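>>> this one's structure only:
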């Protein structure tokens, strides 16, 4: 890439990536991204509140993730041209306002629009991750990304547990009021603790956006990783969108608070994210992607064959979260090494693709449930993971040819 399309390295005295700073960034990622997933164990309850069908209420998850993809495209590239600490704080405050919008929703259209805005503003995590990669020593970048990502992934999973419990005992609106307050506290904390990080020679926003297309055109590994991210996260979202409907019926008969507790099971897989990062530092990131895809495929086999037994469902959740999150970390380690001065834009391409896949998976999950119940869900989610396996295999053959 030419000078006009890439920013210079960050204009900051590069602090040592201490354990405390890494932990703070991990917690911040988890708290911010959790806002995207509070709705999933609450969908059945929200549907009853507005007297709508499973397909209609499933659109809440879809719109939240579409908003996230749009927000990433518009805001995350700004990390390559704006001071990141201030950018993160401003977006967190906007996220707080969006969450209040969900909490006060009076009809389905209102909650659709507010959910879209929540997704639109929940992008701070995707600005923090490239910042962590910049602050990390090159030989420890995989470990740092893995640790920060573990916070993000645990946030995704605990969001379901927390919202399920709070929704079950206090009502679904209470979850969003609490989340709005947490965003205010997080904004204040990050303003005080995060180091300033501003590009030395920022480019214009127009150049920034145009350079994203140049990255897609010139970086085949970025294209492959982005497609894999979309398919893997789509398969992930199929399961988590449909889970609340599945466990409400036979043989489980669980409410939203119990459905949310399955997120605690997934934390076992997400907690392995730092290990996945270390393995990526040590071994081939591309090879690790293939291994994690296989784990995700095994998860859907578990859901389909033994998902009506609690232990089978738990096994599948662990394998799915480990497979999807591990593949994401390995893919991010691959793409961050391509053009170091454009990490925010590389992350934009990868994560926009990933969450477009997630929005498709959310829609597919509720639709598959409505026409095929659990078998339909397993076929839909397993097919997306299977497509990822095919893409990875075909690309490996092409590289060897």
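Perfect, thanks for sending it. Please read all numbers here as calculations on a predicted model, not as lab measurements. Numbers count the residues shown, from 1 in each chain.
>>> And what about the nearest residue to residue 388 once chain neighbours are set aside, helix, strand or coil?
Sequence neighbours aside, residue 231 is the residue nearest to residue 388 in space, at 3.9 Å (criterion: Cβ to Cβ, 6 or more residues apart in numbering). Where you see a C-beta, it was placed from the backbone N, CA and C, and this is true even at glycine. State at residue 231, reduced to three classes by DSSP: H, G, I helix; E, B strand; the rest coil: helix.
>>> and residue 231, what is it in contact with?
Contact analysis of residue 231 by Cβ atoms under 8 Å, 6 or more residues apart in numbering lists 357, 384, 385, 387, 388, 391.
>>> Could you do residue 107 as well?
residue 50 are the contacts of residue 107 under Cβ under 8 Å, 6+ apart.
>>> Farthest-apart pair in the contacts of residue 231, please.
Maximum pairwise distance among the contacts of residue 231 (Cβ to Cβ): 11.9 Å, between 357 and 391.
>>> Of these two, which one has the most company?
Comparing residue 357 with residue 391 by other Cβ atoms under 10 Å, the one with more neighbours is residue 357, at 26 against 16.
>>> in what helix or strand does that one lie?
In this structure, residue 357 sits in helix 343-400 according to DSSP states H and E.
>>> Show the average pLDDT along that helix.
Regarding helix 343-400, the rounded mean pLDDT is 87.
>>> Give me the helices and strands touching that helix, please.
For helix 343-400, the packing partners by 3 or more Cβ pairs under 8 Å, 6 or more residues apart in numbering; DSSP states H and E come out as helix 54-75, helix 125-135, helix 205-218, helix 220-248, helix 285-306, helix 310-336.
>>> residues of the first one that come out buried?
If I follow you right, that is helix 54-75. Applying a neighbour-count criterion of 16 or more other Cβ atoms under 10 Å, one finds 54, 57-73, 75 buried in helix 54-75.
>>> now do the fourth one
Judged by neighbour count (16+ other Cβ under 10 Å), helix 220-248 contains these buried residues: 221-247.
>>> Also the third one?
Neighbour-count burial for helix 205-218, counted by 16+ other Cβ under 10 Å, picks out 207, 208, 211, 212, 214, 215, 216.
>>> Going along the chain, name the helices of the stretch 51-200 of the chain.
Taking DSSP state H, counting those that start in this stretch, the helices of the stretch 51-200 of the chain run over residues 54-75, 84-103, 108-121, 125-135, 141-170, 172-193.
>>> Quick one: closest of those to residue 302.
Closest approach to residue 302 among the helices of the stretch 51-200 of the chain is made by helix 141-170 (17.4 Å; Cβ to Cβ).
>>> okay, the angle between that closest one and helix 220-248?
Using axes from the mean of the first three to the mean of the last three Cα atoms, to 10 degrees, the direction of helix 141-170 lies 20 degrees away from that of helix 220-248.
>>> next one: helix 141-170 to chain centre, how far?
10 Å (Cα atoms, centre = their mean, to the nearest Å).
>>> in that helix, what's buried?
141-168.
>>> what helices or strands is it leaning on?
Using 3+ Cβ pairs under 8 Å, 6+ apart as the contact test, the elements touching helix 141-170 are helix 19-34, helix 125-135, helix 172-193, helix 256-270, helix 273-282, helix 310-336.
>>> Of these, which is nearest residue 92?
helix 172-193 (4.1 Å).
>>> Now do the closest one: everything it contacts.
Contacts for helix 172-193 (Cβ under 8 Å, 6+ apart): 21, 24, 28, 31-32, 34-35, 38, 42, 45-46, 49, 85, 88-89, 92-93, 95-97, 99-100, 102-104, 162-163, 166-167.
>>> Put the buried members of those residues into a ChimeraX selection.
Buried subset of the contacts of helix 172-193, written as a ChimeraX selection, criterion 16+ other Cβ under 10 Å:
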select :21,24,28,31,32,34,35,38,42,45,46,49,85,88,89,92,95,96,99,100,102,103,162,163,166,167
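>>> Okay, now the unreliable bits of the stretch 201-350 of the chain?
For the stretch 201-350 of the chain, the stretches flagged by pLDDT under 70 are 201-202, 256-257, 259-260, 263, 266, 269-274, 276-283.
>>> about what we covered before: out of the helices of the stretch 51-200 of the chain, which is closest to residue 378?
helix 54-75 (16.9 Å).
>>> Please report how far the closest residue to residue 246 other than its chain neighbours lies from residue 362.
Nearest residue to residue 246, sequence neighbours excluded (Cβ to Cβ, 6+ apart): residue 374, at 5.6 Å. Relative to residue 362, residue 374 is positioned 17 Å away (Cβ to Cβ, to the nearest Å).
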